[in-house]
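A.B. asks: The following block contains a protein sequence and its predicted model.
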Amino acid sequence: MATATMPAKSASKSANLKVRPLDDRVVVQPFEAEEMTRGGIVLPSNAREKPLTGKVVAAGPGKLIEKTGERGKMSLKVGDVVFYGKYTGTEIEIGGEDYVILRESDVLAIQE
């Protein structure tokens, strides 16, 4: 099974968090939003655009095909940099880090 071990942000926490997405879902760690515009204006955190790119940190086993009982092959793998829609997925926080859980179909493209 695809399991990601994500260290807690604080060094004082010794236990690692484990997440295993189900079916065709992936866990993505979004990249940080831009802090400054091209013109040099510093943006406060509430005015920054929501990031639409991130790195896949865990991937599920694939969607179950009901007719055959087999799992479909995932086209995403851990380490892929992906682009996803603005209003897709579920945002979660684990150990002080932000993540987004997406279905594979919510991912728009993979950066190569």
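C.D. replies: It's in.

A.B. asks: From the centroid of this structure, which residue is nearest?
C.D. replies: Computing the C-alpha centroid of the chain and ranking residues by Cα atoms, centre = their mean puts residue 28 first, at 0.8 Å.

A.B. asks: For that residue, give the beta-bridge partners.
C.D. replies: residue 56, residue 100 (DSSP bridges).

A.B. asks: please renumber so the chain begins at 7
C.D. replies: With 7 as the first residue, the last one maps to residue 34.

A.B. asks: pretty sure it contacts residue 87?
C.D. replies: No: using Cβ atoms under 8 Å as the test, residue 34 is too far from residue 87 to be in contact (9.4 Å). Where you see a C-beta, it was placed from the backbone N, CA and C, and this is true even at glycine.

A.B. asks: What is the neighbour count of residue 76?
C.D. replies: Per other Cβ atoms under 10 Å, the neighbour tally for residue 76 reads 11.

A.B. asks: for it, what are its contacts?
C.D. replies: Counting by Cβ atoms under 8 Å, 6 or more residues apart in numbering, residue 76 touches residue 70.

A.B. asks: so what pLDDT did it get?
C.D. replies: pLDDT for residue 76: 90.

A.B. asks: Distance of it relative to residue 24?
C.D. replies: Distance of residue 76 to residue 24, given as Cβ to Cβ, to the nearest Å: 26 Å.

A.B. asks: Next, give phi and psi for residue 111.
C.D. replies: Residue 111 has phi and psi values of phi -70, psi -20 when expressed as degrees, to the nearest 10.

A.B. asks: Once you drop chain neighbours, what's closest to it?
C.D. replies: In this structure, residue 111 finds its nearest non-sequential neighbour in residue 30, 7.2 Å apart by Cβ to Cβ, 6 or more residues apart in numbering.
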